[in-house]
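Undergrad: everything below, folded, please.
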Amino acid sequence: MKTLSLFATILAMAVTGITSQARAADDKTIVGVAAGAGQFKTLVAAVKAAGLVETLSGEGPFTVFAPTDEAFAKLPAGTVEDLLKPENKEKLTSILTYHVVAGKVLAADVKSGDVKTVNGQEASIKVADGKVTIDKATVVKTDIAASNGVIHVIDTVLLPK
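TA: Have a look, this model is predicted:
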């Protein structure tokens, strides 16, 4: 009986360790890094509402132009709440995937021009005077590393055409 109890304790410790390792690995994905940063609460809530957590936690690599909570706050009153409703999931998904580019693009590799987003539309990137913009958003912080890509912080929510 003691052997069985000892085995159960060791097994429980091993499973807890494996779960903790998996959780730690998840924390390093784009979604995990964004969730842990504290300035992307609205973005993370939107990613969850759109059902994109698994995708953006997947292998990638992805480049995400991540709007801060302040960027979402610039939208007209009620917009975020409306987008988070289940009936608006398709529209929300379109907006969020417009913020994602396939592949890992570091700041040093960014050039002016159009880039195809995961939603299929192109966004316009401009590099001038040491400043990078994507559509009407300014990139305010670059190269936040994640295990499955990179995050560039932007000050405005991008809206597909």
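
Undergrad: hey, let's count contacts and neighbours off CA atoms from now on
TA: OK.

Undergrad: which element is encountered next along the chain beyond the helix or strand that contains Val47?
TA: Taking DSSP states H and E as the criterion, Val47 maps to helix 41-49. Going down the chain from helix 41-49, the next helix or strand is helix 53-56, by DSSP H and E.

Undergrad: tell me where this protein has strands.
TA: 62-67, 100-102, 113-116, 122-128, 131-134, 137-146, 149-154 (DSSP state E).

Undergrad: if we can go back for a sec, which parts of the helix holding Val47 are buried?
TA: Lys41, Thr42, Leu43, Val44, Ala46, Val47, Ala49 (16 or more other CA atoms under 10 Å).

Undergrad: and stretch 134-145, by the same measure?
TA: Buried, per 16+ other CA under 10 Å, within stretch 134-145: Ile134, Asp135, Lys136, Ala137, Thr138, Val139, Thr142, Asp143, Ile144, Ala145.

Undergrad: does the fifth one touch His152 like I think?
TA: Looking back up the chat, that one is Thr138. No. Using CA atoms under 8 Å, Thr138 is not in contact with His152; the gap is 9.9 Å.
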